[in-house]
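In: Next come a sequence and a model predicted from it.
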Amino acid sequence: MSDLVRLLNVFCLLSLLAVGGGRAVLPEMQHETVAVHHWVTDDQFATIYSLGQMALGPNMSMVALIGWQVAGVAGLLVVLVAFYLPSSFLVYGCSYIWDQFKDNPWRDAVQRGMAPITIGLMLAGVHAVGKTACINSDRPLDFNIIASIVALAVAGILIAKHINPVLLMLLGGGVGWFLLRGG
Amino acid sequence: MQPKASNRPTLAQIFTAFARIGAASFGGGLVAYLRDALVDEKKWMDEEEFLAALEIGQTLPGLNSVNVSIIAGRHLAGPLGAISAAAGIILPGVLALVVLGLLYDKFRQNPDVAAALAGVAAAAVGLLLQVTLKIGAKQFSNLRDLFFVVATFVMVAFFHVSLPTVLFLVAPVAIILCRPKTQPKP
């Protein structure tokens, strides 16, 4: 029971902190779920995150799987409600108020000021997941080299060419199966 | 911004439309799918209304796609419309994730599966890196913005400063530096 309350607290807060989309709260989410509450391991967090990249709809729905790991179906539901409801209420209310500030120049200032912070948080998210998936000191060196090459190759291909990332995720899985067994 | 009465969908139609978008968007890029469906196909919003919704959705916390769905749903049918739209966009992905999660629980000890998942996780890091670089292209090429990008990154990634602390310390400074120039009175 107390786990459900803790899930509720953590994910409600993350919901309201997710400025610029869910990816901005990845580092904080990893810290809370792995280091503070020990709900999942670093490896599980990285895997759950990558499963979210392959699923339909908003990728951050992967938070549901963390809730599930902790407290089954109840945990899944609590986390979904906690992660989506607070920000949704806020948006609902603000979309009324926002229209009245249509011509207020501070609206632009808030947007431009927040943009680099969101990007910095997303970079920290790359670092948080990359630390486990690509530069993991618990893994052998060749594992880390192969995983880093896969990550950089995916980023490079996507920068050069607009293709569905799910195909590259599956390709990454193929490379992993072929080269990372026993790693 | 209410659509014409003849054009006003029922809650079931709203839910179905958003669930189709939620189920069709494999691998992200939801906002683009939303625009195509709401503006071009259903004609529930015009381009300008969509951009206004996206602007709010991007500024406020929460996922852009879910936020835009809530605003669009509200314009179409009030609070119940917003709930139908949000449930529609979220539920297909959650069902898919439950299936993936069940498979993961069953097979994670299997070395073949573990190796494949390690590859997928590495690829996901690459995807996140690319998305960050793409969204941040403007911020990386502006010295002042770059300072805030690096400061935020270093505080969170290396000094483990908590997110609320970062937001309360850095955001006011960044916003004030972007403050509107005082206009001379006409």
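Out: Arrived safely.
In: so where's the longest helix in chain B?
Out: helix B:64-107 (DSSP state H).
In: name the helices or strands packed onto it?
Out: The contact analysis (3 or more CB pairs under 8 Å, 6 or more residues apart in numbering or on different chains; DSSP states H and E) places helix B:64-107 against helix A:42-54, helix A:63-100, helix B:11-24, helix B:30-35, helix B:47-59. The way it works is simple: take the backbone N, C-alpha and C, and place the C-beta from them, glycine included.
In: so it versus helix B:47-59, what angle?
Out: 60 degrees (axes from the mean of the first three to the mean of the last three CA atoms, to 10 degrees).
In: what comes up buried for the very next helix or strand once past helix B:64-107?
Out: Using DSSP states H and E, the helix or strand that follows helix B:64-107 in sequence is helix B:111-135. Within helix B:111-135, the residues that count as buried by 16 or more other CB atoms under 10 Å in any protein chain shown are B:113-133, B:135.
In: measure the residue of chain B found nearest chain A to residue A:33 for me?
Out: In chain B, the residue that lies nearest chain A is residue B:119 (1.8 Å; CB to the nearest CB). Distance, residue B:119 to residue A:33, by CB to CB, to the nearest Å: 23 Å.
In: rewinding a little: tally up the residues packed near the closest residue to the residue of chain B closest to chain A other than its chain neighbours, please.
Out: For residue B:119, ignoring the flanking residues on the chain, the nearest one in space by CB to CB, 6 or more residues apart in numbering or on different chains is residue A:176 at 1.8 Å. As a burial measure, residue A:176 scores 27 neighbours (other CB atoms under 10 Å in any protein chain shown).
In: Can you give the contact residues for the helix or strand where residue A:176 lies?
Out: Here residue A:176, judged by DSSP H and E, is contained in helix A:165-179. Contact with helix A:165-179 is made by A:50, A:53-54, A:146-147, A:150, A:154, A:157-158, B:26-28, B:112, B:115-124, B:126-127, as judged by CB atoms under 8 Å, 6 or more residues apart in numbering or on different chains.
In: what does the model give the closest residue to chain B within chain A for pLDDT?
Out: Evaluated by CB to the nearest CB, chain A has residue A:176 as its residue closest to chain B, separated by 1.8 Å. According to the prediction, residue A:176 has pLDDT 91.
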